[in-house]
Structure formats: C-alpha cells, structure tokens
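Student: structure for the following, please:
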Amino acid sequence: MFGRIFLYKLKELIRMKWIIGWNFLFPIVLATAFALGFGNLIDDDPIDFHTIPVGYVSELSAGDADASEPSAFLQVLEELSDDTDDTTVLQLYTYASEAEAKDALSTDEISGYYLEDDEDIHTTVPSNGITSTTMLQIVKEYKNYKETLENIAVDHPEAMADALDTLTSDTSFLSQHDFGNDTSPYLQYFYALLAMASLYGSWISTAMLTGMCANMSECGKRFECAPGRKLVAITAGTLAGLCIQALANAVTVLYIQYVLRIDLSAPIGYIILITTLGSAVGISVGNLFGSILKNPILLTVVPLSFAMLCSMCSGLMVATIRQAIEYYAPFFNRINPGAVMTDALYHIGYYGTTRTFYIDLMIMGIIIILNLVISGVLLRRRNYASI
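Tutor: Residues are numbered from 1 along each chain as shown. Take a look at the predicted model:
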C-alpha cells in the first residue's frame, strides 16, 4: 500500500504544471539572472589580492649607498617579489630614472612606483585602493623596523645583536592571509537562492495535503472515507514530495556548476546533501502549514510569504542582511531555515566541514522533526462533523 500511494502521489505532483514552473524552472531562471548580473565579478572578485607590479627608482647619493649593494629598502622589495614563495606580494621592476617609471605607470606596466632619495621614500600610485594601501603599508612597516633598530643602537647598543636576530627571524613585512578557500562573496546570493528553492517545497506539501483533507477537496473526502491508514498515506505523499523537491534542487545545483560554470566552492556531494536536507525542511514546513490552515488561498499565500521572508533574511536580496541579523538578533538566524541552510553552504564553501557546519545540519534536522511531529499530531486529531 505504501509503495502504491507513493507512486500515485509522485505522478500526481509531477503533473502539476506550476510545480514544474516554480520549483524546477524559476530557480534556474533566477540563477541565470544572477550570473548575467554579476558577470566576471564571481570569478574575479575585486577584493581578491593579486601580485602587484611596482617600480623602484633610486636617487640616493653615492655617499649613502654603495653602487654595488642595494639599499635596505630595495632588499625588502626584492624579498617581497621572491617567486619561490607561494605568497608573492610584489612584481618588482627597477628603473634608472623617475621619468622611466612614469612612462611605465602610464602604460599600465606597473601599478605604482617607489622613489627613494636621501631624505625619504616616496610612493606614487594613480588612485586609492588595495594597491595604494599595500604599497604604503610596506613603507610604513619598513620605517617602523628601521626606527626601532636606530633607537636600540642609540640607547642600548649592547642589545643590537639580539634585536637584529628578533627582527630578522621573520623578515616578511607583508603576507597574504587566506581564510578558507578562495571563495567569492557573490556566491552568497547563489547559496540563498538554493535555500529559497528548498523552501518552495512547502507548496508541494500543501498541494499534497489538499488532496487528503476532506475540508479542502472532493478527493480529500474520498481519502478520509477510505479504509487505509492516514499516517501511511501522508508519509508516502511526503516522501514523494521530498523526491521531487530534492530532484529540483539537484538540477539547479548541476545547472549552476556545469552550465553556468560557477564554482560553488564545495564538493558537489556535500552541496546536494545540504539541498536535500533543505528540501526536507521545506516539505516539513508545508506539512505544518497544511495541518494548521484550512483556507485554500492561505495555503498558497502563507508558504510563499514564508519562503520569501526567510530567503530575504538569508541574503537573497542583500548579501549582508544575514550578518546584520546575526549581530542584532542572532536567535532569529537559528530559527530561520533559509539562514541556517545558507550558513551551512557558506561554511562548507569557505571553511569546509567545521563544527558550525555540523551544528547547522543538526538545526535543520531538529526543524524537520518538530514540524513533522506537530503536523502529525494535528492531522491525527482532525475530526469532521460529517463527510
């Protein structure tokens, strides 16, 4: 009996055209719009750090620097441009005069240049940004080190050797710090999109329950009068809806990954696992709405409003809204299934299988169990004066 009801419900639901449109096609259309809107920003994020091509011009007098030996600052620049390290900060070009450096800057051969003379180190960049900040920080750190050594040489010359050992133990003035994978922040929108698509599964549940409740449809009246066990039928229908929604999510994930060629920065198996669990959340939420609501219009409006509200708060419209809610009302992010699913995708993409990732999965599981238990109790106690 279970298998027969499962197959019948599967056929019934898949023949509903609006399910094909909203659960299968709409997420694909929205993902395509995101890909077209963001363009190359997804793969080449402007805040990502890249090796900076810089120039160096020396105008030091012969008395202050031996022509055969580079200045201390130039040695620092050469160290930062050492390509034997995985975190090469600079690509260094040396020029004989400032005029040559300006010509190179005008042709975009370099992003800026240093001019070192007897008085100071001058930094020239065409505009503000990460390049200017990095170049200025290098000069600042160099001057701090130099000033520290000069003060020690004057005040405590006997400690000069120890100070040199300490300061040269880590001679990297600047290094890249990579927290997790090289994941673009624009993927946040695609994570929120998958969460929204999963919550659309609530429509499938309400459609399934409409055909099983006597106060909602003629089919429901016949179902209530049938001798079969209601719990078995509802379980079979729920699993049928879960299969459809999980398939819709998997199609969306594969479309984003292999058709749009947007790397979701996580193993495809983990992503499908999370979206399948998210589908179960959406189906269980639909079961809860279907067991509480009796008006057919509300059975459409409430799940839609719920899905869009949860998606909006998870970052579908504004990527930073979830972080703002986390700061001002963190508890809301724990009970918002859209935010929990988005956070799980975010952590698997940025940091891998961390403790937070498993906590998100556990919260999703708790939401599913609570929804199914409450809806099961309500449906079991539903009585009718007459059928």
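Student: domain boundaries for the protein, per the record?
Tutor: Listed by automatic domain parsing, the domain ranges of the chain are 2-44+182-380, 52-168.
Student: how much space separates Gln257 from Leu187?
Tutor: To Leu187, Gln257 is 11 Å away according to Cβ to Cβ, to the nearest Å. Backbone N, C-alpha and C define where each C-beta goes, glycine included.
Student: do Ser279 as well
Tutor: 20 Å.
Student: next helix or strand past the strand or helix carrying Arg334?
Tutor: Element membership for Arg334, per DSSP states H and E: helix 330-335. Going down the chain from helix 330-335, the next helix or strand is helix 337-350, by DSSP H and E.
Student: coming back round to it: among Gln257 and Leu187, which residue is more densely surrounded?
Tutor: Leu187 (24 against 16; other Cβ atoms under 10 Å).
Student: wait, His122 sits on Tyr114?
Tutor: Yes. His122 is in contact with Tyr114 according to Cβ atoms under 8 Å; the separation is 7.0 Å.
Student: neighbour count: the two, which is higher?
Tutor: Higher neighbour count among His122 and Tyr114: Tyr114, with 21 against 14, using other Cβ under 10 Å.
Student: now the more buried one: closest residue in space that isn't a chain neighbour?
Tutor: Leaving aside its sequence neighbours, Tyr114 sits nearest to Tyr56 (Cβ to Cβ, 6 or more residues apart in numbering; 5.1 Å).
Student: cool, and Trp18?
Tutor: Of all residues not flanking Trp18 in the chain, Trp203 sits nearest, at 7.9 Å (Cβ to Cβ, 6+ apart).
Student: any idea how far Ile234 is from Tyr258?
Tutor: 36 Å.
Student: of the two, which one has the most company?
Tutor: Legend: neighbour count by other Cβ under 10 Å for Ile234 and Tyr258, higher for Ile234 (25 against 10).
Student: which SSE is the more buried one in?
Tutor: helix 230-254.
Student: now do Gly55
Tutor: Using DSSP H and E, Gly55 falls in strand 52-58.
Student: so which elements touch that strand?
Tutor: Using 3 or more Cβ pairs under 8 Å, 6 or more residues apart in numbering; DSSP states H and E, the elements in contact with strand 52-58 are helix 72-80, strand 90-95, helix 98-106, strand 112-116, helix 130-155.
Student: can you rerun that using 10 Å?
Tutor: With contacts taken as 3 or more Cβ pairs under 10 Å, 6 or more residues apart in numbering; DSSP states H and E, strand 52-58 sits against helix 72-80, strand 90-95, helix 98-106, strand 112-116, strand 121-124, helix 130-155.
Student: what are the buried residues along the second one?
Tutor: Of the residues in strand 90-95, those buried under the neighbour-count criterion (16 or more other Cβ atoms under 10 Å) are Leu90, Gln91, Leu92, Tyr93, Tyr95.
Student: among these, which one sits closest to His347?
Tutor: Taking Cβ to Cβ as the measure, His347 sits nearest to Leu90 out of the buried residues of strand 90-95, at 32.9 Å.
Student: show the contacting residues for that closest one.
Tutor: By Cβ atoms under 10 Å, 6 or more residues apart in numbering, the residues touching Leu90 are 51-54, 56, 76-82, 111, 134-135, 138, 174.
Student: drop anything exposed from those.
Tutor: Ile52, Pro53, Val54, Tyr56, Val76, Leu77, Leu80, Ser81, Ser111, Thr134, Met135, Ile138.
Student: surely the fifth one and Tyr142 touch.
Tutor: Yes. In this structure, Val76 sits in contact with Tyr142. The criterion is Cβ atoms under 10 Å, and the distance is 5.6 Å.
Student: what is the burial count for Ile335?
Tutor: Neighbour tally, Ile335, other Cβ under 10 Å: 12.
Student: so who does it touch?
Tutor: Cys310, Ile363, Ile366, Ile367 are the contacts of Ile335 under Cβ under 10 Å, 6+ apart.
Student: are any of these buried, and which?
Tutor: Using 16+ other Cβ under 10 Å, the buried ones in the contacts of Ile335 are Cys310, Ile363, Ile367.
Student: who touches the helix or strand containing Tyr327?
Tutor: Tyr327 belongs to helix 321-328 when assigned by DSSP H and E. By Cβ under 10 Å, 6+ apart, the list of residues contacting helix 321-328 from outside reads 188, 191-192, 312-316, 318, 331-334, 336, 338-339, 342-343, 346.
Student: can I get the CA coordinates of it in PDB?
Tutor: What follows is helix 321-328, C-alpha atoms only, in PDB (Å, rounded to 0.1, in the frame of the first residue of the first chain):
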ATOM      1  CA  ILE A 321      21.500  41.300   5.800                       C
ATOM      2  CA  ARG A 322      22.200  37.900   7.400                       C
ATOM      3  CA  GLN A 323      25.300  39.300   9.100                       C
ATOM      4  CA  ALA A 324      23.300  42.300  10.300                       C
ATOM      5  CA  ILE A 325      20.700  40.000  11.800                       C
ATOM      6  CA  GLU A 326      23.500  37.900  13.400                       C
ATOM      7  CA  TYR A 327      24.800  41.000  15.100                       C
ATOM      8  CA  TYR A 328      21.400  42.400  16.300                       C
END
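Student: between helix 337-350 and that helix, find me the angle.
Tutor: Going by axes from the mean of the first three to the mean of the last three Cα atoms, to 10 degrees, helix 321-328 is angled at 100 degrees with respect to helix 337-350.
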